[in-house]
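>>> Below is the structure, and that's it, no one-letter string:
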């Protein structure tokens, strides 16, 4: 059950329209999450068929994005929302934009997976893939939490998602540092390392979009704009656990 209600209007149809918007935004988030999981499965299983399936479903993300935008415009045109209602509509619009970008980045990961496993003579070893898989698990978990907060309109859960920037950054930077060691050890690894670096950066952007979803849920429920709040200076960085021995 939602932690925050969208009801309470004199015109009950208006309540229905806002709840319908909420369900459609959650639907888009579920599709974006599915695309992300599938792109990571293509990497884990080294299966270009899964990657091509992700690319083949990109049109569904784009179609749903356009359709929800039409619904948002319709609500604005017919209801002329103000105050709390305008905040809800604007938060949904910004969330849709973030989720569509998640789909774009998942599509990019899938395309890079195809290049990685079709374009190089030697596939990257398990040690080289370790940081990609670790980053992928962290990002999927963050996106799942963001979608749960959006589904339930849970401001506490959303605040936790929104506040995860330092943890995500630490994981990304640790992975990139470890990847550079493979180039230093053997210059023939440079092709794989460049592609893996691009994948990690795409995953980082998915994590950033998930954080932004959390920020917009906070804004929708409480009216507080937490987008540019920074971590406290004494917050210790986390993440970046030990990787397996490259050898």
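Looks like it arrived, so ask away. Keep in mind the model is a prediction, meaning the values are calculated, not measured.

>>> how about low-confidence regions in the chain?
1-12, 119-122, 230-247 (pLDDT under 70).

>>> contacting residues around residue 164?
Going by Cβ atoms under 8 Å, 6 or more residues apart in numbering, residue 164 touches 142, 207, 211, 214. All C-beta spots, glycine's among them, are computed from the backbone N, C-alpha and C.

>>> if we take these, which one ends up nearest to residue 117?
Closest approach between the contacts of residue 164 and residue 117, by Cβ to Cβ: residue 207, at 23.6 Å.

>>> Now for residue 84, how many residues are close by?
If you count neighbours by other Cβ atoms under 10 Å, residue 84 ends up with 12.

>>> quick one on the thing from earlier: may I ask which two of the contacts of residue 164 are separated the most?
Using Cβ to Cβ, the two most remote members of these are 207 and 214, lying 10.8 Å apart.

>>> Could you tell me how far the residue lying closest to residue 48 once chain neighbours are set aside is located from residue 30?
Excluding the flanking residues, the one nearest residue 48 by Cβ to Cβ, 6 or more residues apart in numbering is residue 114, at 5.0 Å. Look at residue 114 and residue 30: by Cβ to Cβ, to the nearest Å, they are 24 Å apart.

>>> mind listing what the residue positioned nearest the centre of the chain touches?
Nearest to the mean C-alpha position of the chain, counting by Cα atoms, centre = their mean, stands residue 206 at 3.4 Å. Shown in contact with residue 206 (Cβ under 8 Å, 6+ apart): 36, 102, 105, 106, 139, 143.

>>> I'd like those residues laid out as TSV, including neighbour count, secondary structure and distance to residue 70.
Output for the contacts of residue 206, formatted as TSV (neighbours: other Cβ atoms under 10 Å; DSSP: H, G, I helix; E, B strand; the rest coil; distance: Cβ to Cβ, whole Å):
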residue	neighbour count	secondary structure	distance to residue 70
36	28	helix	25
102	28	helix	20
105	24	helix	24
106	29	helix	23
139	28	helix	30
143	25	helix	25
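
>>> Closest to residue 199 out of the residues you listed?
residue 105 (9.9 Å).

>>> Could I get the contacting residues of the closest one?
36, 202, 203, 205, 206, 209.

>>> Next up, identify which helix or strand the last one is on.
What it means is residue 209. helix 190-222 (DSSP states H and E).

>>> Distance from the chain centre to that helix, please.
Taking Cα atoms, centre = their mean, to the nearest Å, one finds helix 190-222 lying 5 Å from the centre of the chain it belongs to.

>>> now do stretch 157-165
Centre-to-centre, stretch 157-165 and its host chain are 13 Å apart (Cα atoms, centre = their mean).

>>> list the buried ones in that stretch?
Neighbour-count burial for stretch 157-165 flags 157, 158, 159, 161, 162, 163, 164 (criterion: 16 or more other Cβ atoms under 10 Å).
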